[in-house]
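Peer 1: Got a predicted structure plus its sequence, pasted below:
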Amino acid sequence: MKQRLAKFMARSGVCSRRQAEELIVQGRVSVNGQLIETPAFNVEGDEQILLDGEKLPALEQTRMWVYYKPVGLITTHHDEKSRPTVFENLPASMPRVVSVGRLDINSEGLLLLTNNGDLARALELPQNAWSRKYRVRVHGKIDTQKLQAIEGGVAIDGVHYGKVKIDVDQQIGTNAWLSVSLSEGKNREIRKLMKFAGLEVARLIRTSYGPFQLGNLKKGEVREVSQKVLKEQLGGRFEI
């Protein structure tokens, strides 16, 4: 069965589908000796597909890991500023993986990793409505009306942010812990929403992504999701 070249590349775990499309446009991918320069190219999968002259990794069973990303790591394979990355700090025994979404350098907590780049992209899409939950420590005066406005969806600097759920778990003076749930996950969304509410984020921890939980993982630890759980949680909705 034919499929887009970028999808096949992502399934091999070498990159995400979006990254694969960029690599193809850059002229770095060939199929049976032919240089491909458009993502609108289909393959069966049994062709000789080379990236920068090297064969793609053999397709493996889809696997997933939950990782506690510490503050200070970049969620990228290559950082132009040479800052430490998530992938440089994973166990050497792990295969090449991509992340499901990102956490910025100052955020911590649950990061899903998989060897199936096409699955990673599918799990990021807003239409799949997977809830991301966070514990957020903020500094400032809680304005209930502003928080309620944010919960209904707001526009900030021309960008619309959808509905979120915010609970004030603890408040001592001008410090508070909030629980925040959202499904879109735009770039630095929670930090921008809190700033809109007049609050400064002091700590941001992602505790869950869809059905997957941070649990008792410690900073820097990684744990593979069992195939049984993976099939139970994803098998009915996603191609794994």
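Peer 2: Yes, it's here.
Peer 1: What's the mean pLDDT across the strand or helix carrying I166?
Peer 2: Taking DSSP states H and E as the definition, one finds I166 inside strand 165-172. Averaged over strand 165-172, pLDDT sits at 94.
Peer 1: Alpha carbons of the next helix or strand after it, as CSV, please.
Peer 2: Counting by DSSP H and E, the next helix or strand C-terminal to strand 165-172 is strand 175-182. Extracted in CSV, the C-alpha atoms of strand 175-182 (Å, rounded to 0.1, in the frame of the first residue of the first chain):
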residue,chain,number,x,y,z
ASN,A,175,2.2,32.7,46.0
ALA,A,176,-0.2,30.1,44.7
TRP,A,177,-0.3,26.6,43.1
LEU,A,178,-2.7,26.2,40.2
SER,A,179,-3.9,23.1,38.3
VAL,A,180,-4.3,23.9,34.6
SER,A,181,-5.7,21.7,31.9
LEU,A,182,-5.7,22.5,28.2
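Peer 1: in this structure, which residue is closest to the centre?
Peer 2: G101 (1.3 Å; CA atoms, centre = their mean).
Peer 1: if we can go back for a sec, kindly calculate the angle that the strand holding I166 makes with strand 175-182.
Peer 2: Computed by axes from the mean of the first three to the mean of the last three CA atoms, to 10 degrees, the angle separating strand 165-172 from strand 175-182 equals 170 degrees.
Peer 1: average model confidence for the lengthiest strand in the chain?
Peer 2: Assignment by DSSP state E gives strand 200-209 as the longest strand of the chain. The average pLDDT for strand 200-209 rounds to 97.
Peer 1: again with stretch 15-26
Peer 2: On average, stretch 15-26 scores 89.
Peer 1: Repeat that for stretch 64-72.
Peer 2: 97.
Peer 1: same check, this time on stretch 33-50
Peer 2: pLDDT averaged over stretch 33-50 gives 92.
Peer 1: Quote the end-to-end distance of it.
Peer 2: 8 Å (CA to CA, to the nearest Å).
Peer 1: Counting by contacts, list what the strand holding I166 packs against.
Peer 2: helix 144-151, strand 175-182 (3 or more CB pairs under 8 Å, 6 or more residues apart in numbering; DSSP states H and E). The C-beta positions use only the backbone N, C-alpha and C, and glycine is treated the same way.
Peer 1: Can you give the domain ranges for the chain?
Peer 2: Listed by automatic domain parsing, the domain ranges of the chain are 3-55, 64-124+222-234, 131-209.
Peer 1: could these go into CSV alongside distance to G215?
Peer 2: As requested, the domains of the chain are exported to CSV (distance: least, CB to CB, whole Å):
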stretch, distance to G215
domain 3-55, 25
domain 64-124+222-234, 8
domain 131-209, 9
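Peer 1: contact partners of the one helix or strand I190 maps to?
Peer 2: Element membership of I190, judged by DSSP H and E, is helix 189-196. With contact meaning CB atoms under 8 Å, 6 or more residues apart in numbering, helix 189-196 is reached by 134, 136, 138, 146, 150, 154, 156, 159, 161, 164, 180, 182, 200-201, 204.
Peer 1: same deal with stretch 140-156?
Peer 2: 160-166, 168, 171, 174, 176, 192-193, 196-200.
Peer 1: K55 touches I49, doesn't it?
Peer 2: Yes: K55 lies in contact with I49 (CB atoms under 8 Å); the separation is 7.3 Å.
Peer 1: With neighbour numbers in mind, choose between these two.
Peer 2: Remark: of K55 and I49, I49 carries more neighbours, 18 against 10, as counted by other CB atoms under 10 Å.
Peer 1: burial measure for D157, as a count.
Peer 2: Neighbours of D157 using other CB under 10 Å come to 6.
Peer 1: Use 42 as the first number for this chain going forward.
Peer 2: Let's use 42 as the start, then, which means that last one is D198.
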